[in-house]
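>>> here is a sequence with its predicted model. Questions after.
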Amino acid sequence: MSSESSEDSKEDRRVRRAQAEQFYREILVELLDAKLPFLVGGGYAVNAHTGARIPTKDLDIFTTRAELQRLLDRLNRGGRRVSIVDDQWLGKIDYGEHFVDVIFGSSNGIVPVQEGWFHHAREAQVLGLSVLVINPTELIWSKAFIQKRFRHDGSDIANIILKQSSQIDWQRLMAYFDAHWEVLLSHLLIFRWVYPSERDAIPSWLLDELLERLNRQRELPPTAARMCRGRLLSRSDYQNAVEVWGFLDAKGKCDDDQ
């Protein structure tokens, strides 16, 4: 590719990016003007909490299931196409090649957006607007099960812990994970490995509690049922476990398009 073609390509990307951000900003302005309840999540929330400038492929708006239809009705104008992609967790607003995800749950059914998220939300600047972004605690919870071959949010979680450890409500976070505490422990261990000089960012009592649970669990025999919970992380990556190797599928649905 010639240098001229390369420059043209870069300019095209800049133009598309500017168009996308204009579209995202219009969506945010409409929601703010209508005083509808929403939170900004995804990459924009990660950037707000970490100071990173990671490019975002879209805008993620979070709301409760109860408020979903009001948001979609408000935004169904101006040449946009509004749809519910999955009635368990995802709506979408398309405008040409650009889109906004409206998220009210998770593809595996474990992480519903709750009214309490709004009580803990923070105000931040996104695209020059003052909006509410998901609190670091809920942001980690919203990303913990996104562990697929081509999409893994573990680095986001590690960086949120690095930059926002003192602002995370660790008790609340542990309560969210509940029966899935091993997933939380795995993220904490990865953080310790990625940032060894920052291990103290994770409270000692939390690791003690989780490791004690692990030790108690090790004293028990394995479960009688041959269960695979991996499909709560990625439906396709653990497909053979259920369809070929004879494991039972854990409850829940996981869409690899998340």
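Here it is on my side, so go on. Numbers count the residues shown, from 1 in each chain.
>>> quick check, central residue of the chain?
In the chain, the centroid-proximal residue (C-alpha atoms, centre = their mean) is Lys143; its distance is 3.6 Å.
>>> in the stretch 1-150 of the chain, where is pLDDT below threshold?
1-8 (pLDDT under 70).
>>> tell me where it has strands.
In the stretch 1-150 of the chain, the strands defined using DSSP state E, counting those that start in this stretch lie at 39-40, 59-62, 81-86, 90-95, 98-103, 122-126, 129-133, 147-148.
>>> could those be laid out in TSV, adding mean neighbour count?
Just so you know, the C-beta spots here come from the backbone N, C-alpha and C atoms, and that holds for glycine as well. Shown next, in TSV, are those (neighbours: other C-beta atoms under 10 Å):
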stretch	mean neighbour count
strand 39-40	24
strand 59-62	24
strand 81-86	14
strand 90-95	19
strand 98-103	21
strand 122-126	15
strand 129-133	18
strand 147-148	18
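>>> and stretch 127-135, how far out from the chain's middle?
The chain centroid and the centroid of stretch 127-135 are separated by 16 Å under C-alpha atoms, centre = their mean, to the nearest Å.
>>> please shift the residue numbers so they start at 30 in all later answers.
In the new count, where the first residue is 30, that last one comes out as stretch 156-164.
>>> span of that stretch from start to end?
End-to-end distance for stretch 156-164: 18 Å, by C-alpha to C-alpha, to the nearest Å.
>>> who's in contact with that stretch?
50, 53-54, 57-58, 61, 67-70, 73-74, 77-78, 91, 146-147, 149-155, 171, 196, 198 (C-beta atoms under 8 Å, 6 or more residues apart in numbering).
>>> the residue nearest to the centre of the chain contacts Asp182, correct?
Yes: the pair Lys172 / Asp182 is scored as a contact, 3.9 Å apart, by C-beta atoms under 8 Å.
>>> quick one: Leu168 and Tyr205, what's the gap?
The gap separating Leu168 from Tyr205 is 11 Å, by C-beta to C-beta, to the nearest Å.
>>> for stretch 222-232, what does the pLDDT average out to?
Averaged over stretch 222-232, pLDDT sits at 98.
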